[in-house]
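Asker: sequence isn't available, so here's the structure alone:
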């Protein structure tokens with residue numbers, strides 16, 4: 001699995017981020033990937049558009065819940 005950062009040049013990532021921030025001014029674009037050596041299940045998506053007032057803890061908690069539900073299926 002390749003890294004999003006390695007697959008997409010900085011200029012492209014920056015332009016996409018600026019476009020998203022302009023379109024959704026109250027949202028923050030976030031890239032979240034599983035570490036290569038991690039034993040957690042694969043994440044179904046990398047890109048998230050989260051509310052600006054969402055804390056890191058809330059973001060992590062939401063993703064943990066999602067992964068736990070996916071494991072049960």
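Answerer: Noted; the coordinates are in hand. Keep in mind that what you see is a predicted model, and the values were worked out from it rather than measured.
Asker: got any ranges where this structure has weak pLDDT?
Answerer: Screening the chain residue by residue with the criterion pLDDT under 70, one finds the ranges 1-2, 73.
Asker: which residues in it form helices?
Answerer: Taking DSSP state H, the helices of the chain run over residues 4-7, 10-23, 56-72.
Asker: in the last one, what counts as buried?
Answerer: The reference is to helix 56-72. residue 59 (16 or more other C-beta atoms under 10 Å). To be clear about C-beta, it is placed using only N, CA and C from the backbone, and glycine gets the same treatment.
Asker: which residues touch stretch 45-60?
Answerer: Stretch 45-60 is contacted from outside by 4, 20, 24, 26, 27, 28, 29, 30, 31, 32, 33, using C-beta atoms under 8 Å, 6 or more residues apart in numbering.
Asker: tabulate those in a markdown table, adding columns for distance to residue 40 and neighbour count.
Answerer: Shown next, in a markdown table, are the contacts of stretch 45-60 (distance: C-beta to C-beta, whole Å; neighbours: other C-beta atoms under 10 Å):
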| residue | distance to residue 40 | neighbour count |
| --- | --- | --- |
| 4 | 17 | 13 |
| 20 | 26 | 15 |
| 24 | 28 | 13 |
| 26 | 30 | 9 |
| 27 | 25 | 15 |
| 28 | 23 | 16 |
| 29 | 22 | 16 |
| 30 | 17 | 14 |
| 31 | 17 | 13 |
| 32 | 12 | 14 |
| 33 | 11 | 13 |
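Asker: pick out the most distant pair among those.
Answerer: 26 and 33 (24.3 Å; C-beta to C-beta).
Asker: could the helices of the chain go into a markdown table alongside distance to residue 38?
Answerer: A markdown table is the format used below for the helices of the chain (distance: least, C-beta to C-beta, whole Å):
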| stretch | distance to residue 38 |
| --- | --- |
| helix 4-7 | 15 |
| helix 10-23 | 22 |
| helix 56-72 | 11 |
